[in-house]
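**Student:** Task: produce atomic coordinates for the following.
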Amino acid sequence: MSDLFTSEISDRICSHINEDHQDAVLLYAQKFGSSPNATAAKMLSIDAQGMNLTAEVSGENLPIRVEFDHTLKDAEDAHHTLIDMLKQARTQK
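**Tutor:** I've put the predicted structure just below:
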């Protein structure tokens with residue numbers, strides 16, 4: 001994890017995403033995590049290269065790593081990248 005993505009920043013982002021944007025995390029798992037049959041998902045951590053999720057698929061919790069298309073610069077870049085990924089995932093339906 002780069003210095004820009006301390007465990008505190010990762011925890012803050014994950015907490016916000018998991019509490020307020022559960023539908024987005026599920027789409028990340030389905031569309032970018034090669035788990036189209038996932039029924040629930042949770043963001044475990046985020047770093048400059050990607051995010052770690054866990055997804056429920058057929059009653060099992062599976063770990064998923066989603067790599068970003070670029071190295072994130074900071075938390076603001078993470079915010080914009082996650083929004084862009086959500087928009088992309090929604091158009092892939």
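
**Student:** now the longest helix along the chain: mean pLDDT?
**Tutor:** Across the chain, the longest stretch assigned as helix under DSSP state H is helix 75-91. For helix 75-91, the mean pLDDT works out to 95.

**Student:** do the same with stretch 4-21
**Tutor:** For stretch 4-21, the per-residue pLDDT values average out at 92.

**Student:** Put the alpha carbons of that stretch into PDB.
**Tutor:** Only the C-alpha atoms of stretch 4-21 are listed here, as PDB (Å, rounded to 0.1, in the frame of the first residue of the first chain):
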ATOM      1  CA  LEU A   4      -1.100   7.900   0.100                       C
ATOM      2  CA  PHE A   5      -3.300   5.000   1.000                       C
ATOM      3  CA  THR A   6      -2.800   4.400   4.700                       C
ATOM      4  CA  SER A   7      -4.900   1.800   6.500                       C
ATOM      5  CA  GLU A   8      -6.900   4.700   7.900                       C
ATOM      6  CA  ILE A   9      -7.700   6.100   4.500                       C
ATOM      7  CA  SER A  10      -8.600   2.600   3.200                       C
ATOM      8  CA  ASP A  11     -10.800   2.000   6.300                       C
ATOM      9  CA  ARG A  12     -12.600   5.400   5.800                       C
ATOM     10  CA  ILE A  13     -13.300   4.800   2.100                       C
ATOM     11  CA  CYS A  14     -14.400   1.200   2.700                       C
ATOM     12  CA  SER A  15     -16.700   2.200   5.600                       C
ATOM     13  CA  HIS A  16     -18.400   4.900   3.500                       C
ATOM     14  CA  ILE A  17     -18.800   2.600   0.500                       C
ATOM     15  CA  ASN A  18     -20.100  -0.300   2.500                       C
ATOM     16  CA  GLU A  19     -22.600   1.800   4.400                       C
ATOM     17  CA  ASP A  20     -23.900   4.000   1.700                       C
ATOM     18  CA  HIS A  21     -23.100   2.300  -1.600                       C
END
